[in-house]
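In: Structure for this input, please:
(4 chains)
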There are 4 protein chains.
Amino acid sequence: MPAKIAINGYGTIGKRVADAVSLQDDMKVVGVAKTKPNFEAKLAAKKGYSVYASDKESLGKFAKAGFQAAGTLEDLLKEADLVVDCTPEESGYKPMYEKAGVKAVWQGGEEHSLTNLSFNAAANYADCLGARFVRVPSCNTTGLIRTLYPLDAHIGVEKVLAVMVRRAADPGDSKKGPINAIEPELEMPSHHGPDVQSVLPKLNIHTIAVKVSSTLMHLHAVSVDLKEPVDEAQVLDVWKRFPRVAFVSGGEGVKSTAQIMELARDLSRDRSDLYEIAVWKDGVHVVEGKHLYYFQAVHQESDVVPENVDAIRALLQLEKDPRKSMEKTDRTMRIGAVR
Amino acid sequence: MPAKIAINGYGTIGKRVADAVSLQDDMKVVGVAKTKPNFEAKLAAKKGYSVYASDKESLGKFAKAGFQAAGTLEDLLKEADLVVDCTPEESGYKPMYEKAGVKAVWQGGEEHSLTNLSFNAAANYADCLGARFVRVPSCNTTGLIRTLYPLDAHIGVEKVLAVMVRRAADPGDSKKGPINAIEPELEMPSHHGPDVQSVLPKLNIHTIAVKVSSTLMHLHAVSVDLKEPVDEAQVLDVWKRFPRVAFVSGGEGVKSTAQIMELARDLSRDRSDLYEIAVWKDGVHVVEGKHLYYFQAVHQESDVVPENVDAIRALLQLEKDPRKSMEKTDRTMRIGAVR
Amino acid sequence: MPAKIAINGYGTIGKRVADAVSLQDDMKVVGVAKTKPNFEAKLAAKKGYSVYASDKESLGKFAKAGFQAAGTLEDLLKEADLVVDCTPEESGYKPMYEKAGVKAVWQGGEEHSLTNLSFNAAANYADCLGARFVRVPSCNTTGLIRTLYPLDAHIGVEKVLAVMVRRAADPGDSKKGPINAIEPELEMPSHHGPDVQSVLPKLNIHTIAVKVSSTLMHLHAVSVDLKEPVDEAQVLDVWKRFPRVAFVSGGEGVKSTAQIMELARDLSRDRSDLYEIAVWKDGVHVVEGKHLYYFQAVHQESDVVPENVDAIRALLQLEKDPRKSMEKTDRTMRIGAVR
Amino acid sequence: MPAKIAINGYGTIGKRVADAVSLQDDMKVVGVAKTKPNFEAKLAAKKGYSVYASDKESLGKFAKAGFQAAGTLEDLLKEADLVVDCTPEESGYKPMYEKAGVKAVWQGGEEHSLTNLSFNAAANYADCLGARFVRVPSCNTTGLIRTLYPLDAHIGVEKVLAVMVRRAADPGDSKKGPINAIEPELEMPSHHGPDVQSVLPKLNIHTIAVKVSSTLMHLHAVSVDLKEPVDEAQVLDVWKRFPRVAFVSGGEGVKSTAQIMELARDLSRDRSDLYEIAVWKDGVHVVEGKHLYYFQAVHQESDVVPENVDAIRALLQLEKDPRKSMEKTDRTMRIGAVR
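Out: Numbering: from 1, shown residues only, chains lettered A, B, ... in the order given. Predicted coordinates for the structure are as follows:
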């Protein structure tokens, strides 16, 4: 019988995790909880999800909008083995999950200290097997781990400096700006470095973050001092073993995040998402033997979604072999197509 | 046997028309022609389309890029009953199509005078039955016809003023600006009014166009003097008969084009397209009985795609009943879901 | 002795009004009040303005930041004949002004009902002579009055439909979006029409508002049914009598709001402001004799500034002749240079 | 008698250099040359500059537009001791200048190899004394030299990695995009590193460039390995000796390039320019004693303008002491106000 998964929060991440869970044969969505009966709630119901209100107050709002919710989050948790928390940061549901006796997966808006265990399928699946609570780090952190873990495991990394040029808002958000500005994160190095270390504790990494007027993807310019001299082909060969790294090429017309997202649209995936981290093949340069530079782009709305699926499997021990879990997730989500 | 359709030009419109044709049982794509062997050409081949180079020079470029094209456009036309021309405006292929003896459908980048026949499925399908050459007007013009034809046919339109706030570039385009400006089209009323009249010759319409820093959709603010007094519900009832008009609501959180496109992504259609014209239900206002104001949003990349499918059917007389053609197109493309 | 003017609120409008008042010989700034000791407060002090904290709590913040404020707003009002209120909307200072016995000028963020008297120098200066409280309508409303009052007074206006394509944030604002969206104001016609009528009560006007991703200027597309047949030259001649209307030309390279603002920067005015409403000469079109279309651009940060100066003069009866007040204001602010 | 300066090209840089030269007592503008009689040409004439057409063809265009040009560039060069070339890159005027026997200053659009001498007032004024031809490097390169030269001269620099987040278009440009994308410069390290070395040949520097949807300023995130351990205060003390470095503070509300430009507008300088490089005081961090991180913002339209003035003085030997030249330039342009 498939594991019973609740989704708390049905926004950018929640709706994607729900759909990804639905593609698996070893787990199923027993319900999604939402605070507001907006168009996304309507679409969730149309898709066949049982929609719950987050609490009694919220249940009233649903009723008022003529939307019959299946109950409250508390009711939903009773039906579930595990809840994926996709609520805004610091929503504080942990005590409720503890009381309900469900396992839980949080997103990167939360601090590592909430769970003391952060997850990346390629890097530390085994460490999370059977755990009660785990956190999938943010889109940016997951993006860095996706390319840095392979380099560290297969070549050896001395030191990393990653500059993240961050999109300021998601495409469906029309409130946040800036319209015309570049905004540095003045605490430097930024908190993303320690966040990478929550999964890769020995990695020597500094990060810098800058926010720009874009909604499509984050772009990372990464500078890595390697332990061994390599050439560009060897670096690409390392990454090619990892299907969650995709390759694009400026020479073939993919000059910016706009064309990456256009390419993603052409792949016929739901919501035109790109679960893989996109690396520019012709933007990988090794200088003086050991110094590697590369650019990667991170689809902030979706790259963590397959990690959530694998995290569920690890916590519920649905699959003990990390490789098999990732293969299943990738096959069902058609990850690995862009090479 | 399904009709044989060639697609000349595999960019924003071409690739969508190819996929829409492939969904039909009475027509099929015999090949697509492209000038450049870029990532879109690669994806076309992956999808199973026969990719042709537009001419001999272009064939050389394909060969150089290690891409084996199936031949040139001239070869492709020999295989086809009809070509859908999705090349940039004034590409000048008409003589070649005449020589090859194929029928042709052009896009709105071309002038009405090229074909002296412009097409909209709801408005004039019957007039185009069996024609040799037809033009599907631009996204904006098609968008205006979608809501104005029903009003004129069912209520009666005295006069229209439509102000089009136009997105300046498509999402996959990173070259065109402006980044931070508003640009009026100083010829006023703009050419879009006469373009609407190429399909609805008796409609009294003036249009005004302004270009803004956005990539998502065009937004139209439309002011209509009606012949009969009506209320908002009656207007909505008229449009509800036409599945290619969709309804959104600010009250449900759809405040801007950003949320419309987000909603479209949640519909799981290819490329997150919205073939329908989106009208804000709570933006429809009737003032002093006969004066109607409304806002609509036009997904510039895709609204003309179902019209192209119907145009093919009309020209090749695959179906004589406009209603049946539209129903088939809408069913296969899942049009009509947003209400 | 010059009239003593206090400025309450030293943001976008406040700082400009302060500088404009300082250019006059019949009034002077006795102090500016601010809530926060940020960089703008520092610059105000550098310019020589006496900086007051808005209240006791705020005074504490100033002290904490090592900034010696001259007192609180209450203290400032004791020194003043009139206060220009440039605080955010609904700040609620009216009772304090009444108690202090000062006259006051508010900005367009407030409702007309606060003062029951709204001001435009060209349209109703005489009506406001000696009044205690007056409101200068918003940038958009002032912009519409600037070009519609002359048309109505000199030709006669039957009916107006103005579509306002609004910049979503000011250039110095990096919080507000949207980054990539077009957002209609769904209440249609919008509140701007009645706001124009607060100054021009007999004008038959409907307005429509759309918000876009830009910071530079609002753009208005205006459609006017005139009472008399005229040609474009006659319309331009009417506006030429009003120095607060400027003329630009697409033919000379001013295609968008970006080039208007570039032109304004070349005029060497403070903050590169454009106090005039900019009308595109080659965007003025008369159709069928009585139907006028035109485009104008409104510099949202500064167009109301000269109106504030004139409003001060009217309330304090420093000058009874509207024409003389405007001439003085325009001469000191170098208004009328762009023709 | 003041030195006679011609300005070839009156766009973004040319018009600013003309105005800056006009502020000096040891040089004057004898004329400006333009290719097109647009609004900027009109404004140049209004300002009192003699406007020349760039060649005979262009002279015809001026005549046709009713604009009486003073002659052609060739005529202008006869009147001049030195020409500042502000034309687009690779305009190829060098032979004409050689023939006319004038000295010349080029901008950073040109390669170093055109002159084999690149100029920065603080770094190598003395090396350029009396030279015939010199190049002022680009805005980004000048920006890097402004903060790196002091660090290298006063502390010692081991190694630099600078990531430049570049504005994609100038504020007056409404053609260039992207509207919504982030575009890496795939050649990495970028050409800017060697360009810095054209002035500071011994500096060990790599640069990375990313283009974003903004018009206001470039932002640099700079990582420097220093030769000596220092703290943040010492670093700031070094920069404080250099008036062309300005200081801003996130704590005082200057969070992004938008607020820096707002602050610049409040300084009442022409065109709201900021000639200084702005460094965030609270964005300067020293890690592990010798590793320095900082953010700086570069006003791409104006930071090279004072360097042009000093370059003129060096070439014509109007002043042999670099310090005195810079002091004069800074005083007349009011540089050094933002601290």
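In: Could you use CA atoms for every contact and neighbour count after this?
Out: OK.
In: Please enumerate the helices of the stretch 51-200 of chain A.
Out: Counting by DSSP state H, counting those that start in this stretch, the stretch 51-200 of chain A has helices at residues A:56-64, A:73-78, A:94-100, A:121-128, A:139-154, A:192-197.
In: ok, now the stretch 201-339 of chain A?
Out: A:232-240, A:257-266, A:305-315, A:322-332.
In: what about the nearest residue to A:Pro243 once chain neighbours are set aside, how many residues close to it?
Out: Computed as Cα to Cα, 6 or more residues apart in numbering or on different chains, the closest residue to A:Pro243 that is not its neighbour in sequence is A:Gly336, at 4.6 Å. Around A:Gly336 there are 17 other residues, counting by other Cα atoms under 10 Å in any protein chain shown.
In: and the stretch 51-200 of chain A, which of its residues are near chain D?
Out: Among all residues of the stretch 51-200 of chain A, those adjacent to chain D (criterion: Cα under 8 Å from any Cα of the partner chain) are A:163, A:165, A:180-184, A:186-189.
In: on that earlier part again, export the helices of the stretch 51-200 of chain A as CSV, with columns for distance to C:Val279.
Out: Shown next, in CSV, are those (distance: least, Cα to Cα, whole Å):
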stretch, distance to C:Val279
helix A:56-64, 48
helix A:73-78, 57
helix A:94-100, 60
helix A:121-128, 60
helix A:139-154, 47
helix A:192-197, 49
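In: Near A:Ile179, how many residues? Count them for me, please.
Out: Around A:Ile179 sit 33 other residues, with neighbours defined as other Cα under 10 Å.
In: which bits of the stretch 151-300 of chain A sit near chain C?
Out: A:169, A:171, A:173-181, A:213-215.
In: Adding pLDDT, write those out as a markdown table.
Out: Listed next are those as a markdown table, based on pLDDT from 0 to 100:
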| residue | pLDDT |
| --- | --- |
| A:Ala169 | 97 |
| A:Pro171 | 97 |
| A:Asp173 | 96 |
| A:Ser174 | 95 |
| A:Lys175 | 96 |
| A:Lys176 | 97 |
| A:Gly177 | 97 |
| A:Pro178 | 98 |
| A:Ile179 | 97 |
| A:Asn180 | 98 |
| A:Ala181 | 97 |
| A:Ser213 | 98 |
| A:Ser214 | 98 |
| A:Thr215 | 98 |
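In: picking that back up, so what pLDDT did the residue nearest to A:Pro243 get?
Out: The score at A:Gly336 is 90. That number is its pLDDT.
In: How about A:Met188?
Out: Per-residue pLDDT puts A:Met188 at 85.
In: and it, what are its phi and psi?
Out: Phi and psi for A:Met188, reported as degrees, to the nearest 10, are phi -140, psi 130.
In: Identify the residues contacting it.
Out: Applying Cα atoms under 8 Å, 6 or more residues apart in numbering or on different chains to A:Met188 gives the contacts A:207-209, D:283-285, D:293-294.
In: longest single strand anywhere in chain A?
Out: In chain A, ranked by residue count with DSSP state E as the criterion, the top strand is strand A:157-167.
In: I'd like the mean pLDDT over that strand, please.
Out: 98.
In: wait, does it make contact with chain B?
Out: No: judged by Cα under 8 Å from any Cα, strand A:157-167 stays clear of chain B, getting no closer than 14.8 Å.
In: is A:Lys34 in a bridge, and if so with what?
Out: For A:Lys34, the beta-bridge partners are A:Ala53 (DSSP bridges).
In: thinking again about what came up before, for B:Asp152, which of the helices of the stretch 51-200 of chain A is the nearest?
Out: Ranking the helices of the stretch 51-200 of chain A by proximity to B:Asp152 (Cα to Cα) places helix A:56-64 first, at 36.9 Å.
In: Not counting that closest one itself, show me its contacts.
Out: For helix A:56-64, the surrounding residues in contact (Cα under 8 Å, 6+ apart) are A:35-37, A:52-53, A:68-69, A:71-72.
In: and if we set it to 10 Å?
Out: Helix A:56-64 has contacts (Cα atoms under 10 Å, 6 or more residues apart in numbering or on different chains) with A:34-38, A:41, A:52-53, A:65-74.
In: and it, what's its mean pLDDT?
Out: Rounded mean pLDDT across helix A:56-64 is 95.
In: Then stretch A:92-102?
Out: Stretch A:92-102 comes out with an average pLDDT of 97.
In: next one: that stretch to chain centre, how far?
Out: Its chain's C-alpha centre and that of stretch A:92-102 lie 23 Å apart, by Cα atoms, centre = their mean, to the nearest Å.
In: Equivalent analysis for stretch A:203-215, please.
Out: 16 Å.
In: do it and chain D meet?
Out: Yes: judged by Cα under 10 Å from any Cα of the partner chain, stretch A:203-215 comes into contact with chain D at A:208-215.
In: quick one, what contacts the residue in chain A that chain C sits nearest to?
Out: Residue nearest to chain C within chain A: A:Gly177 (3.7 Å; Cα to the nearest Cα). Going by Cα under 10 Å, 6+ apart, A:Gly177 touches A:167-169, A:211-215, C:168-169, C:173-180, C:213.
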